[in-house]
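Peer 1: quick one, what's the 3D model for this:
(2 chains)
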Amino acid sequence: MIRKYIALLRMKYIEMLAYRLATFVWMTGAITQPLITMFVWMNIHPEESESFLFYFMAVIFVERMTSAWDVWELDREIREGTFSNLLLRPVHPIHWAIAENIVYKWLFAVILAPVWLVGAVFWPPLRPHMTAGQAVLFLAAVVLGAALRFLLSYSCGLLAFWVTKVAAVYGVIDVISLFLSGRIAPLEMLPPALREWSEWLPFRYMISFPIEIATGAADGGELARGFAVAVGWMAVFVAGVQWLWKAGMRKNQAVGG
Amino acid sequence: MIRVSHLHKSFRVHRREAGWLEAVRHLWRRDYRVIEAVKDVSFTIEKGEIVGFLGPNGAGKTTTMKMLAGLLHPTSGEITVGGFVPFEQKPEFKKMMSLVMGQKSQLIWDIPPMETFLVNKAIYDIDDRSFRRTLEELTELLDLAPLLDKPTRSLSLGQRMRCELAAALLHRPHVLFLDEPTIGLDVHTQENVRRFIVDYNREHETTILLTSHYMGDVAALCDRVMIINYGRLIYDGELSVLTEKLAPYKRLEVRFSRLPNVDWSEYGEVAEIEEGTIVLRVARETAAETAARLLERFDVRDINIEDPPLEEVIARAFWEEHV
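Peer 2: Numbering: from 1, shown residues only, chains lettered A, B, ... in the order given. As a prediction, the model looks like this:
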């Protein structure tokens, strides 16, 4: 399996380089929304500008590291019939998607980490105050967040076996996630009821939770509970993908040809 | 190698009339109908056979092929390919077969074909030596050398098809499903692909099931054909037997200085008529005699007696309920 992954990663890397412009646009385009949101909040609460600066830098980083586009890919591949190409090969199609995620996120990390580092040299508010232990937990939470977002996106994508243009369904989920994951504002600014909800729903663990670890907002019992909830959702999504896969295969019409 | 028994496949599809009012109504009320794409199809193909699978568009050829390749789940019936049940999608099954679709590329679109080959090498567990040897052989047979490092999207259809075949054969499948492998190719490339398939089959005893709308493919490659229409298998047997059965006539192409104005039914069935030339269908046993009569009675410039083209035979088969 390692040999297969190396081949898939290599191929996805070459493919990524073939789409230089698109890759650059995905990278920079995704930064625009958190940046604008940050300026809005800094304008509303100028006294907290520094903490917003750190928070949204972290949002940019975590959002890119956990972003998932698989629903659009699956939607297109299943609708146009190109998914059959992957099904014919003796490796589960999900591994192609995982390899692609790893390659792109590796590129995002290689660009964003130095940007954050250089930024931190010039703007002290961008400097993280993390112990080594916190840093490890932060990275673990980012990986968990990436897995959660990937699995949610992939399971929505599998709905394309039943529904055409399934990306619209994901669009609704994405809007909910915009608020409940902390991309629009730190979760502590949400109304208490919504905040309570956010702790039990999976969205917080896709973006906000790693940032809470970095800022020290989540520690001790809160941290353990957060990881437990995230792992619980992970199990739910894994089971969901497995079930949808099995049912989808019976439903697959392998269109075209 | 391939056993199919009482295979059925039906699809439930939306039915919608044309027009925007209908489109609005369709938003909350959907009519479905069940389309039976494949009905009670049974056949067996032995190791090393090349079988032509023919039928008009929408007859169920590709659906059957997709079930054989494990892409579609049969509604009922049984399939085994090399001892595997295709829709279980076992990796071992995928390693022993390949499906090439002329209308769908399996090469990775934006990078050179060699990259697809390397990915296939890893995921089909092909060792370095076999990979090198097979690739060398395929490169020579299909003249791939100048194509391997160009992005797939910039290859011409014929060039791409040659690479598709190579990608499908790298892991040396025992069973090959070819769905219109020569579609859109020029005559010369069609000829090359056909020759390659024949050689490959002879050398490796690969079992091949082929669909094509080009009768040239069928005539060059297949001794046995299966004809499917409206989802039912209507003929399974030798191609020569089919021709005799369905075309017990010869074509008489007669060119006159001036086309006489007579009742041609006395001589045969008129197949084509145009300025100065007429094509008649005449029973095999009376063809020579009819030709002699025509030569005697009219001012004939040229006369030609031949077997009906395979296209015509097959087209006839498509119209028959059972052959």
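
Peer 1: rest of the way, CA atoms for contacts and neighbours
Peer 2: Fine.

Peer 1: tell me where the model's unsure across the stretch 51-200 of chain A.
Peer 2: The model of the stretch 51-200 of chain A has no residue with pLDDT under 70.

Peer 1: try 90 this time
Peer 2: A:51, A:79-82, A:108, A:111, A:123-131, A:163-171, A:188 (pLDDT under 90).

Peer 1: residue in it nearest to chain B?
Peer 2: Ranked by CA to the nearest CA, the top residue of the stretch 51-200 of chain A for proximity to chain B is residue A:90, at 4.4 Å.

Peer 1: list the contacts for the residue nearest to that residue when sequence neighbours are not counted?
Peer 2: Excluding the flanking residues, the one nearest residue A:90 by CA to CA, 6 or more residues apart in numbering or on different chains is residue B:91, at 4.4 Å. Neighbouring residues of residue B:91 by CA atoms under 8 Å, 6 or more residues apart in numbering or on different chains: A:89-91.

Peer 1: nearest to residue B:69, of those residues?
Peer 2: The closest of the contacts of residue B:91 to residue B:69 turns out to be residue A:89 (CA to CA; 10.7 Å).

Peer 1: burial of residue 245, as a residue count?
Peer 2: No chain in the question, so chain A it is. As a burial measure, residue A:245 scores 17 neighbours (other CA atoms under 10 Å in any protein chain shown).

Peer 1: look at chain B instead
Peer 2: Neighbourhood size, residue B:245 [other CA under 10 Å]: 13.

Peer 1: OK, contacts around the residue nearest to the spatial centre of chain A?
Peer 2: Nearest residue to the geometric centre of chain A (CA atoms, centre = their mean): residue A:66, 2.4 Å. By CA under 8 Å, 6+ apart, residue A:66 lies in contact with A:105, A:142-143, A:145-147, A:149-150, A:206-207.

Peer 1: so for stretch B:250-263, what gets flagged as buried?
Peer 2: B:250-256, B:259 (16 or more other CA atoms under 10 Å in any protein chain shown).

Peer 1: sorry, slip of the keys, the one I care about is stretch A:111-126.
Peer 2: A:112, A:116, A:125-126.

Peer 1: for residue 252, what are phi and psi?
Peer 2: Using chain A here. phi -50, psi 130 (degrees, to the nearest 10).

Peer 1: switch to chain B, that's the one I care about
Peer 2: When read as degrees, to the nearest 10, the backbone of residue B:252 gives phi -110, psi 110.

Peer 1: residues of chain B that sit close to chain A?
Peer 2: With the criterion set to CA under 8 Å from any CA of the partner chain, chain B comes near chain A through B:62, B:66, B:69-73, B:90-92, B:94-95, B:98-99, B:101-104, B:106, B:110-111, B:115-116, B:118-119, B:122-124.

Peer 1: in strands, which of those fall?
Peer 2: Among those, the ones falling in strands (DSSP state E) are B:98-99, B:101.

Peer 1: sorry, back to before: so is the residue of the stretch 51-200 of chain A closest to chain B in a helix, a strand, or just coil?
Peer 2: coil (DSSP: H, G, I helix; E, B strand; the rest coil).

Peer 1: all helices for chain A, in order.
Peer 2: For chain A, the helices defined by DSSP state H occupy A:2-18, A:20-44, A:49-66, A:70-80, A:83-87, A:93-122, A:132-158, A:167-180, A:192-200, A:208-215, A:221-251.

Peer 1: in CSV: those, plus distance to residue B:142.
Peer 2: Converted to CSV, the helices of chain A look like this (distance: least, CA to CA, whole Å):
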stretch, distance to residue B:142
helix A:2-18, 24
helix A:20-44, 32
helix A:49-66, 44
helix A:70-80, 29
helix A:83-87, 22
helix A:93-122, 29
helix A:132-158, 38
helix A:167-180, 41
helix A:192-200, 59
helix A:208-215, 54
helix A:221-251, 35
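
Peer 1: deepest of the ones you listed, which one?
Peer 2: helix A:208-215 (a mean of 25; mean count of other CA atoms under 10 Å in any protein chain shown).

Peer 1: packing partners of it?
Peer 2: Applying 3 or more CA pairs under 8 Å, 6 or more residues apart in numbering or on different chains; DSSP states H and E, we find helix A:208-215 packed against helix A:49-66, helix A:132-158.

Peer 1: other residues contacting it?
Peer 2: Contacts of helix A:208-215 (CA under 8 Å, 6+ apart): A:55, A:58-59, A:62, A:128-130, A:134-135, A:137-139, A:141-142, A:145, A:181-183, A:186-187, A:218-219, A:223, A:226.

Peer 1: just stretch B:103-123 next, same as before
Peer 2: Residues contacting stretch B:103-123 (CA under 8 Å, 6+ apart): A:3-4, A:7-8, A:11, A:14-15, A:18, A:82, A:85, A:89-91, A:257, B:100, B:127, B:131, B:147-153, B:163-164, B:167, B:170-171, B:180, B:183.

Peer 1: which of these are buried, as a PyMOL select command?
Peer 2: Per 16+ other CA under 10 Å, the buried members of these correspond to this PyMOL selection:
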select buried, (chain A and resi 4+7+8+11+14+15+82+85+89+90+91+257) or (chain B and resi 100+131+147+148+151+152+153+163+164+167+170+171+180+183)
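
Peer 1: got a pLDDT number for the closest residue to residue B:181 other than its chain neighbours?
Peer 2: Once flanking residues are discounted, residue B:181 sits nearest to residue B:102: 4.5 Å by CA to CA, 6+ apart. pLDDT recorded at residue B:102 is 81.

Peer 1: report the separation between residue B:102 and residue B:183.
Peer 2: 6 Å (CA to CA, to the nearest Å).

Peer 1: run a quick neighbour tally on the residue nearest to residue B:166 when sequence neighbours are not counted.
Peer 2: Leaving aside its chain neighbours, residue B:166 sits nearest to residue B:138 (6.1 Å; criterion: CA to CA, 6+ apart). Burial of residue B:138 is recorded as 22 neighbouring residues (other CA under 10 Å).
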